[in-house]
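Engineer: Pasted the sequence and its predicted model underneath.
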Amino acid sequence: MSTQDEATDGTQRDGTFGDYGGQYVPEVLMPAVEELTDAYERYVLGNEDGFVDDFRARIREFGGRPTPLSHAENLSAQYGTDVYLKREDLLHGGAHKLNNALGQVLLAKYMGKERIVAETGAGQHGTATAMACAYLDMPCEIYMGRTDVNRQRPNVFRMRLHDADVNPVTVGSGTLKEAINETMRDWATNVEDTHYVIGSIVGPHPFPSMVRDFQAIISEELREQARDQIGRLPEAVVACAGGGSNTMGAFGAFVGSASLPGHPEGTHEPAPEVDLLAVEAGGSSLGVDEDEGYAPNSASLSTGTEGVLHGARTKLLQTDDGQIVESHSVSAGLDYAGVGPELAHLVDEGRVQPVNVDDDAALEAFHRLSREEGIIPALETSHAVAYLEHYEGDGPVVVNVSGRGDKDLDTVIEESAAKDIDGAPTMEVFEE
Amino acid sequence: MSTQDEATDGTQRDGTFGDYGGQYVPEVLMPAVEELTDAYERYVLGNEDGFVDDFRARIREFGGRPTPLSHAENLSAQYGTDVYLKREDLLHGGAHKLNNALGQVLLAKYMGKERIVAETGAGQHGTATAMACAYLDMPCEIYMGRTDVNRQRPNVFRMRLHDADVNPVTVGSGTLKEAINETMRDWATNVEDTHYVIGSIVGPHPFPSMVRDFQAIISEELREQARDQIGRLPEAVVACAGGGSNTMGAFGAFVGSASLPGHPEGTHEPAPEVDLLAVEAGGSSLGVDEDEGYAPNSASLSTGTEGVLHGARTKLLQTDDGQIVESHSVSAGLDYAGVGPELAHLVDEGRVQPVNVDDDAALEAFHRLSREEGIIPALETSHAVAYLEHYEGDGPVVVNVSGRGDKDLDTVIEESAAKDIDGAPTMEVFEE
Amino acid sequence: MSDASDATRGRSDLAAAFDDEPALVSYVAAGDPSPAATERYVEALVEGGTDVVELGLPFSEPVAEGTTIQNAIKRALDAGMTPDVYLDLVDRLDVDVPIVCMTYYNLIYQFGEEPGPEEFVAAAAEAGISGFVVPDLPVDESGPLAEACREHGLDLVFIVAPTTTEERLERMLDRTTGFVYVQGRLGTTGARDEVSDDTPDALARLRDTDAPKAVGFGISSGEQAREVVASGADGVIVGSAYVDIVAEGAEAGDPTSEVADRLRALADELKTGAVAGVPEPEHK
Amino acid sequence: MSDASDATRGRSDLAAAFDDEPALVSYVAAGDPSPAATERYVEALVEGGTDVVELGLPFSEPVAEGTTIQNAIKRALDAGMTPDVYLDLVDRLDVDVPIVCMTYYNLIYQFGEEPGPEEFVAAAAEAGISGFVVPDLPVDESGPLAEACREHGLDLVFIVAPTTTEERLERMLDRTTGFVYVQGRLGTTGARDEVSDDTPDALARLRDTDAPKAVGFGISSGEQAREVVASGADGVIVGSAYVDIVAEGAEAGDPTSEVADRLRALADELKTGAVAGVPEPEHK
Ligand SMILES: Cc1ncc(COP(=O)(O)O)c(C=O)c1O
Ligand SMILES: Cc1ncc(COP(=O)(O)O)c(C=O)c1O
């Protein structure tokens, strides 16, 4: 099913996942993509020069891995089923993003690159990349839509504090899609000494596979922890899906596609009995408004159609003509019109079940987890938490807490008041 | 040297540390203090009902312990000495505060208490307490000065999201000192079913010992990690000191006073060869302005005099008459006129060396760590980091990174611009 | 005024103040809103029937006080009250009832050249203080102060709280001199409309105690004073109710004499109430 | 216009456009600022000496374009440009030079009932398109489109970048038909003042290639066109320099005819420059 002329062995190493994936990038970038593919195969898959050992040591000592698997006692009691939380909110930077950013910046160092560029939407990936660059002493330039710069000030501050340059992108709606385009342009201009640290399991091969492998340390740990703490594999794993990096991070070891040398024995065998649920942003409603070129959601897995965007063939929110539409979600990190090609494939295969919850349900879940478990989730994560309301299995069920919600406080307070969200506390303490 | 009539065995269990400590609280609270002392001895020191096992499991699975010991490669190269960072910034909530808050709220549950009160200054302890209460399903009320409520909005939001009541205290300058007074009043009123979770190693016995024991899990881990990662004990451990809980957390296992059952063998023997440096807030200058009742610093260990405040005899910033003065520091969490009695004692004994750095040096260190190591420290922590500029030992030196600086972004940006701080990045990206 | 030799001879003048009738113990914060005003207020309270004056020496961290007295303390500190000014004021006071110093331990501890209670107790005795109430000094920590008081013939009054255990009560009764301060309710000082339900129980368990028992925390009216005495108290302690009057006067800018009149009137009401509370059979 | 049988007979009309003289390949974005204007602009460009029209079909994510063309694409999309409107426009165009469709792969892939390039290539051939340039479709992913082009007798032009390796170059030269698009510098499209230093090298390594070589990315003046041809190019590709003129005209609200005049003038300058660049010995 490969779309590549040069497909090697029919396995995923050719950069395709069934009909999806590939390398749809300008020729000027292709040599870099090939060089990266080679580096990925040697350093990441092959642990050449002990790269993976180095990565594992650094993500542990700098990043704070392993992150715990917490039993959510109050939610478990309420739902009558054991709920566990995989705590990527405790990773350095406050989200799973560092797994990938640290892996890629370190790889760039091994490759002899001298400069990093990255795109960011909500600022989480940009922050993680800036952190990794400060730590590994690499110059770093982040592209971020002007709209996002203005509404995600704290993350912009953090990137600047880590000495990254932040370039506001003013074209279009000034959000993530435009930031990716602009980063690709920078890469095309400075491709010889620059590595583009893409922020999710999207983009041309080897990015979707490589980002998955770095992120799959989540599910690798999760399997070990489930064995030690629960004594069995979970019945289901639930993760939100924007681009899908935390998603494949949480699913990778169960699917069996992820591969990072040095994983504990038995943590990567395919486990088809574990249900994998990808929760997308339902926004305010599903569907695409063709005339406006707008989707009031980001549910590309559930409702998107096959197409080519940002280097890969995957499921997209697009018009009939193939123009990419503006997506929408209350959560900036899910607000993207595409999704990782591997997830698109796993959905087609029936291995991953795509579901979605709308903005209001996500806001309610944000408050529920904060109130009941003492954990303030990212708005992205809140979508996964919200799905518990619909989960009908026997458990145990694990929710991947992809990040913490400190970055979302202003949005949540504003939106909760505007929409009169159930369970939102009043902030009357400020009234004087 | 005990000031207590009922001193039992001359050891620290009587609640004194040399001349310091004791139980200077209204009679109405004394029975609660005695009940707590009893509970401390049984549950914490004695692991009755497996309390400590429960605590250790929860701080690991909910809190994310152990926190890593990170090698600061860039700072090490700059200073020509190995610098390591103990990463309490990665603990759930973003600071070391949860070690204590979770321990105490759990203890309150074991004691059958039904309600928690706590004071907070910068909001870190309040947030940690609110988190622990949400997690353990305990009603929670936090007292916070009106001034602090207004300037620490994100932490107030977080407490409210965890369903804690936040009570602004309007008397006096509306900061930490007043909040403590008010919390003691609430406790005096509701003492029968309420536990007061004090936020540092201050207050009447058993608080200073108990908070130290919960926090000393930091140095317990640190010793193990030093053994595994460095192969030796560090030459010095550096921690900032406000009330002193992260300080005694980082020093406790080296001093040998801390005691929490179940620690790994060899992690609690006194290690007199390890230098222990407590870094106080030098503010804008040292000394006390008698006429204004104001100290432009919070350096009670370095410059304070013996006195009685908030339940204990300790070193204080006070006028000749004994009125407590308003302290000052750019860091809200260090901005307190007292300090833990055990630290006061250890300083008198020469075991702990008190040093201080001023506001500007702390701000510079904030930027240095963010830029060089990809870690944004709390402003409190920045004081400890700043001390590295003066450290003259051979290393390895460990800095306790007591918390992350997300809460401080606005203050740092404002103050750095106002004071033209060295190494502060411009935020020109917002200029349009 | 008090004289050290009285106390060493046997019962102190403080204890003696409870001998004839139920005693009225009246608190104001020294220096609120000025030392001169305090002098007039104390005189007025005594004219109104006060048997013991409890004169607060303001401390910056009054953890045992409710809002009313916190604010009084702030006014007094802002107006320049210090331990030295306080002692001068006491020295100047021209009343024939004992004066108790109510303050927090740190001020006692810091006074003079050397840390410790010694110097302040000496100076207080010299100025005419009869005893101390120190709300943040439980009996457990009271050794040095008790010692100094003994030396200078001053009383040290402990507060018995609703939460005080039997074991603690015994220790406190061993140590307390002058009278027993019975805290009538949980919490902090502050005027209330009702007597706490806990008060009769609190007094009941002190039935066998020789020392006079005065109930405080929340009493603000003659009717409450009557009730409390009827429950077995030997006296009532009133503070916030006076301080409310002082605060209103200060706020409205009323002349000191007018405020003094109001204080005298309230003291009179309280004293009358207290006397009316004495159970018939024993009161001949 | 183009006719499928030309191509299948041997050299395509696109390749033939380079036969006589150095060719001028001129790009504009279709529908910028309106389809009617584009018609006039294309005519003017041809009048000015254009040998191949590269007509952009606007895609919402133009990753290979610099700011100038991004903005043109936005203007065109806002004005309602779609693949159907594009094909109508091409059909209406009355020029006697070949027209190349420059667009991104997703538009080609989505067109029609079934996913895949087949239907769009058929429709494009029908409307008179001679070939394609698809900047986000490297040779590695070009199988299906190349197949469809072969079937319909259309050319598929690949872009050789400064970074292209020898191994990749060989594969691309195997596949490319019509002409070779030589990307003159790193980065994206956009007018520059200087010819890149890389251009002579880029051309040098194509010396043995039969297909005509046209250099693009950054050419904006007759002098640059001359230099490039002097370095061995068979043609120059110009886009952003025209689009700047279109943008200025749109902004100023100038009549279409005036803008067309300026485009014609620039095309003329470029063509003259290109012709002047032909090295003396070979140019008789
Ligand atoms: C906390 C968090 N979760 C999830 C996401 C979505 O990204 P992905 O789907 O790649 O995990 C983001 C993106 O910013 C994020 O910050
Ligand atoms: C991060 C951090 N470090 C240090 C402190 C100071 O407290 P302590 O001296 O008790 O550790 C605080 C108090 O808020 C804090 O938030």
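Structural biologist: The structure has been received and is ready for your questions. Because the structure is a prediction, the values reported are computed rather than measured. Ligands and ions are numbered 1, 2, ... in the order given.
Engineer: Could you tell me whether residue A:33 really is in a strand?
Structural biologist: No: counting by DSSP: H, G, I helix; E, B strand; the rest coil, residue A:33 falls outside a strand, being helix.
Engineer: okay but it is in contact with residue A:26, surely?
Structural biologist: No: counting by Cβ atoms under 8 Å, residue A:33 does not reach residue A:26; the two are 9.9 Å apart. Every C-beta, even on glycine, is put in place using the N, C-alpha and C of the backbone.
Engineer: Contacts only, for the closest residue to chain C within the stretch 201-350 of chain A.
Structural biologist: For the stretch 201-350 of chain A and chain C, the shortest gap (Cβ to the nearest Cβ) falls at residue A:229, measuring 41.9 Å. Listed by Cβ atoms under 8 Å, 6 or more residues apart in numbering or on different chains, the contact set of residue A:229 reads A:69, A:71, A:84, B:61.
Engineer: Mind checking which of those residues are in helices?
Structural biologist: residue B:61 (DSSP state H).
Engineer: In CSV: the contacts of residue A:229, plus pLDDT and distance to ligand 1.
Structural biologist: Listed next are these as CSV, based on pLDDT from 0 to 100; distance: Cβ to the nearest ligand atom, whole Å:
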residue, pLDDT, distance to ligand 1
A:69, 98, 17
A:71, 98, 21
A:84, 98, 18
B:61, 98, 20
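Engineer: which two in the contacts of residue A:229 are spaced the farthest apart?
Structural biologist: Within the contacts of residue A:229, A:84 and B:61 form the most distant pair, 9.5 Å apart (Cβ to Cβ).
Engineer: Settle it for me: which of the two has more neighbours?
Structural biologist: Neighbours were counted for residue A:84 and for residue B:61 using other Cβ atoms under 10 Å in any protein chain shown; residue A:84 has more, 27 against 18.
Engineer: pretty sure the more buried one is touching residue A:69, no?
Structural biologist: Yes: contact status for residue A:84 versus residue A:69: in contact at 5.4 Å, counting by Cβ under 8 Å.
Engineer: Need the residues touching each of those two.
Structural biologist: A:226, A:229, A:398.
Engineer: Surely the second one forms part of a helix?
Structural biologist: Yes: note on residue A:229: a helix contains this position according to three-state DSSP.
Engineer: Report pLDDT for the closest residue to ligand 2 within the stretch 201-350 of chain A.
Structural biologist: Closest contact between the stretch 201-350 of chain A and ligand 2, by Cβ to the nearest ligand atom, is at residue A:333 (26.6 Å). We have a pLDDT of 92 for residue A:333.
Engineer: contacting residues for the residue in the stretch 151-284 of chain C positioned nearest to ligand 2?
Structural biologist: Residue of the stretch 151-284 of chain C nearest ligand 2, by Cβ to the nearest ligand atom: residue C:188 (26.1 Å). Listed by Cβ under 8 Å, 6+ apart, the contact set of residue C:188 reads B:185, B:188-189, C:64-66, C:217.
Engineer: Could you list every helix and strand that the longest helix along chain C packs against?
Structural biologist: Taking DSSP H as the criterion, chain C has its longest helix at helix C:256-276. Applying 3 or more Cβ pairs under 8 Å, 6 or more residues apart in numbering or on different chains; DSSP states H and E, we find helix C:256-276 packed against strand C:23-29, helix C:35-47, helix C:222-230, strand C:235-238, helix C:240-252.
Engineer: what's the closest of these to residue A:200?
Structural biologist: helix C:240-252 (63.6 Å).
Engineer: I would like the residues contacting the closest one, please.
Structural biologist: C:26-29, C:32-33, C:37, C:41, C:45, C:66, C:68-69, C:71-72, C:75, C:189-191, C:218-221, C:254, C:256, C:258-259, C:262-263, C:266-267, C:270.
Engineer: Show me just the buried residues among the residues you listed.
Structural biologist: C:26-29, C:32-33, C:37, C:41, C:45, C:66, C:68-69, C:71-72, C:75, C:189-191, C:218-221, C:254, C:256, C:259, C:262-263, C:266-267, C:270 (16 or more other Cβ atoms under 10 Å in any protein chain shown).
Engineer: host element of residue C:202?
Structural biologist: helix C:198-204 (DSSP states H and E).
Engineer: what kind of secondary structure is the residue nearest the centre of chain C in?
Structural biologist: Geometric centre of chain C, nearest residue: residue C:54, 3.3 Å, by Cα atoms, centre = their mean. Per three-state DSSP, the local secondary structure of residue C:54 is strand.
Engineer: now the one 5 residues further on
Structural biologist: Assigned state for residue C:59: coil (three-state reduction, three-state DSSP).
Engineer: For it, list the residues it contacts.
Structural biologist: B:322-323, C:73, C:103-104, C:106-107.
Engineer: try 6 Å
Structural biologist: Taking Cβ atoms under 6 Å, 6 or more residues apart in numbering or on different chains, we find residue C:59 in contact with C:103-104, C:107.
Engineer: Quick check: closest non-adjacent residue to the residue nearest the centre of chain A.
Structural biologist: Nearest to the mean C-alpha position of chain A, by Cα atoms, centre = their mean, lies residue A:245 at 3.1 Å. Spatial nearest neighbour of residue A:245, chain neighbours left out: residue A:200 (4.2 Å); criterion: Cβ to Cβ, 6 or more residues apart in numbering or on different chains.
Engineer: The one you found belongs to a helix?
Structural biologist: No: assessed with three-state DSSP, residue A:200 is coil; it does not lie in a helix.
Engineer: now the strand or helix carrying residue A:410, how far from the chain's geometric center?
Structural biologist: Using DSSP H and E, residue A:410 falls within helix A:409-419. Helix A:409-419 has its average C-alpha position 24 Å from the chain's average C-alpha position, going by Cα atoms, centre = their mean, to the nearest Å.
Engineer: hmm, back to that, what's around the residue nearest to residue A:245, how many residues?
Structural biologist: Here the number of neighbours of residue A:200 (other Cβ under 10 Å) works out to 31.
Engineer: Just to check, residue A:102 is in contact with residue A:133?
Structural biologist: No: applying Cβ atoms under 6 Å as the test, residue A:102 and residue A:133 come out as separate, 9.8 Å apart.
Engineer: contacting residues around residue C:39?
Structural biologist: Here residue C:39 is in contact with no residue (Cβ under 6 Å, 6+ apart).
Engineer: hmm, try it at 10 Å
Structural biologist: By Cβ atoms under 10 Å, 6 or more residues apart in numbering or on different chains, the residues touching residue C:39 are C:30, C:89-90, C:92-95, C:256, C:260.
Engineer: Not counting residues beside it along the chain, what's closest to residue 161?
Structural biologist: Since no chain was named, I'll use chain A. Using Cβ to Cβ, 6+ apart, the closest residue to residue A:161 is residue B:370 (4.0 Å).
Engineer: please go with chain C instead
Structural biologist: residue B:28 (3.7 Å).
Engineer: surely the one you found meets residue C:164?
Structural biologist: Yes: because the distance of 7.9 Å satisfies Cβ atoms under 10 Å, residue B:28 is recorded as touching residue C:164.
Engineer: Quick check: pLDDT value at residue 112.
Structural biologist: Answering for chain A, as no chain was given. 98.
Engineer: that answer is for a different chain, and I need it for chain C
Structural biologist: 96.
Engineer: Using the three-state scheme, assign it.
Structural biologist: coil.
Engineer: Contact partners for whichever residue of chain A sits closest to ligand 2?
Structural biologist: Nearest to ligand 2 in chain A, going by Cβ to the nearest ligand atom, is residue A:406, at a distance of 14.4 Å. For residue A:406, the contact set (Cβ under 10 Å, 6+ apart) comprises A:89, A:94, A:154, A:376, A:378, B:94, B:154-155, B:157-158, B:404, B:406-407.
Engineer: got a list of what residue A:135 touches?
Structural biologist: Residue A:135 touches A:58, A:62-63, A:92, A:98, A:101-102, A:105-106, A:162, B:70, B:72-74, B:372-375, counting by Cβ under 10 Å, 6+ apart.
Engineer: Surely it is within a strand?
Structural biologist: No: Residue A:135: not assigned to a strand; according to three-state DSSP it is helix.
Engineer: Would you list the buried entries among the contacts of residue C:39?
Structural biologist: In the contacts of residue C:39, the ones that pass as buried (16+ other Cβ under 10 Å) are C:30, C:89-90, C:93, C:95, C:256, C:260.
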